[in-house]
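> task: produce atomic coordinates for the following.
(one chain, ligands or ions: 1)
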Amino acid sequence: MELVVVDSYRELSLWAANRVADLIRRKPNAVLGLATGSTPLGLYEELVRRHREEGLDFSQVTTFNLDEYLGLPPDHPASYHYFMRENLFAHINVRPGAVHIPSGVAADIEQECIRYEEAIRQAGGIDLQILGIGRNGHIGFNEPGTPFDSRTHVVDLAEDTRRANARFFNSIDEVPRRAVTMGIATIMEAREILLLASGPEKAWAVARTLEGEVTPEVPASVLQRHPRVFVVADRGAAAQVKKLAG
Ligand code: PGA
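Numbers count the residues shown, from 1 in each chain. Got it, this is the predicted structure:
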């Protein structure tokens, strides 16, 4: 894993946007793995700007999002379908048919998980996966304890995750208790991974990811076994990394 420490959230967003834009220029039909949450917002804003002002072309790009809440329809303002539309897809020229997000309202959710895995395979796999990280080290919605060989699956959300995400809802009671997420094995098959982390509340998780034991108790620690991972962290998020202190 390569750690990139940057001075600000803005710099983190630009670093990630450069990486995505370089990939799309090199491979116009790239397959992107996308994440939700606050962390990638600056990246998406910058990609929209580059599309508008510099003609960054998404017309052949395919995208797969990590996860979705179970039970939230795509037009629910706290759903990840809605989030991605508002913050990225409505503002770039990606083809609607090339956008993939697991359905949180499929009649047969097990079948939906299988279909999602199959769609990723059909697209040729993910070239570049964007990840945030939970305060507990989760990636996607793979909470501590998730087996490393998991594929797209339904999860029970950790209370800490529900509390952290309650800001997107009227109250914590409205935060769904379950979600559907790419599994750890699904994420690990991406050819390159960018993990973005901002702020001191991520410092423990970032340090454990980079320097801790590889254990399902810290899901992101599995990334130590991936050949091409960049952890892009601002100073707050990198604050507990020992090798920086030395
Ligand atoms: P955040 O979420 O970007 O909103 O902090 C990250 C995550 O929980 O994976």
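> drop to CA atoms for contacts and neighbour counts, all remaining ones
Will do.
> how about the residues of the protein that lie near the ligand?
37-39, 132-134, 139-140 (CA under 6 Å from any ligand atom).
> among those, which ones are buried?
39, 132-134, 139-140 (16 or more other CA atoms under 10 Å).
> and the contacts of the helix or strand of the chain with the lowest mean pLDDT?
Taking mean pLDDT, DSSP states H and E as the measure, the chain has helix 242-245 as its least confident helix or strand, at a mean of 86. Outside helix 242-245, the residues that touch it by CA atoms under 8 Å, 6 or more residues apart in numbering are 207, 211.
> give the buried residues for it.
So helix 242-245, judged by 16+ other CA under 10 Å, has zero buried residues.
> specify which member of the buried ones among the residues of the chain next to the ligand is nearest to residue 160.
residue 134 (9.0 Å; CA to CA).
> am I right that that closest one falls within a helix?
No - going by DSSP: H, G, I helix; E, B strand; the rest coil, the assignment for residue 134 is coil, not a helix.
> quick one, what contacts it?
161, 202, 205.
> which residues does the spatially closest residue to residue 200 that is not a sequence neighbour contact?
The spatially closest residue to residue 200, leaving aside those adjacent along the chain, is residue 236, at 4.3 Å (CA to CA, 6 or more residues apart in numbering). Residue 236 makes contacts with 198-203, as judged by CA under 8 Å, 6+ apart.
> recalculate using a threshold of 7 Å.
Counting by CA atoms under 7 Å, 6 or more residues apart in numbering, residue 236 touches 198-200, 203.
> before we move on, what about residue 81?
Counting by CA under 7 Å, 6+ apart, residue 81 has contacts 74, 101.
> what's the answer for residue 103, then?
residue 68.
> repeat that for 8 Å
Counting by CA under 8 Å, 6+ apart, residue 103 has contacts 68, 70, 73-74, 112, 180.
> that one belongs to a strand?
No - inclusion of residue 103 in a strand is not indicated when three-state DSSP is applied; the result is coil.
> which SS class is the residue nearest to residue 197 when sequence neighbours are not counted?
Closest residue in space to residue 197, ignoring its immediate chain neighbours: residue 233 at 4.8 Å, by CA to CA, 6+ apart. For residue 233, the assignment made with three-state DSSP gives strand.
> and residue 233, bridged to which residues?
Beta-bridge pairing for residue 233 (DSSP bridges): residue 5, residue 197.
> for stretch 99-119, output the C-alpha coordinates as PDB.
C-alpha atoms of stretch 99-119 as PDB (Å, rounded to 0.1, in the frame of the first residue of the first chain):
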ATOM      1  CA  VAL A  99     -24.500   3.100 -14.200                       C
ATOM      2  CA  HIS A 100     -24.800   0.300 -11.700                       C
ATOM      3  CA  ILE A 101     -25.900   0.500  -8.100                       C
ATOM      4  CA  PRO A 102     -27.200  -2.500  -6.100                       C
ATOM      5  CA  SER A 103     -31.000  -2.300  -5.700                       C
ATOM      6  CA  GLY A 104     -32.200  -1.900  -2.100                       C
ATOM      7  CA  VAL A 105     -35.700  -2.800  -3.100                       C
ATOM      8  CA  ALA A 106     -35.300  -5.900  -5.300                       C
ATOM      9  CA  ALA A 107     -38.000  -8.400  -4.700                       C
ATOM     10  CA  ASP A 108     -35.400 -11.200  -4.500                       C
ATOM     11  CA  ILE A 109     -32.400  -9.600  -2.800                       C
ATOM     12  CA  GLU A 110     -30.200 -12.700  -3.000                       C
ATOM     13  CA  GLN A 111     -30.800 -12.800  -6.700                       C
ATOM     14  CA  GLU A 112     -29.900  -9.100  -6.900                       C
ATOM     15  CA  CYS A 113     -26.500  -9.800  -5.300                       C
ATOM     16  CA  ILE A 114     -25.800 -12.600  -7.800                       C
ATOM     17  CA  ARG A 115     -26.900 -10.300 -10.700                       C
ATOM     18  CA  TYR A 116     -24.600  -7.500  -9.400                       C
ATOM     19  CA  GLU A 117     -21.600  -9.800  -9.300                       C
ATOM     20  CA  GLU A 118     -22.400 -11.000 -12.800                       C
ATOM     21  CA  ALA A 119     -22.700  -7.500 -14.100                       C
END
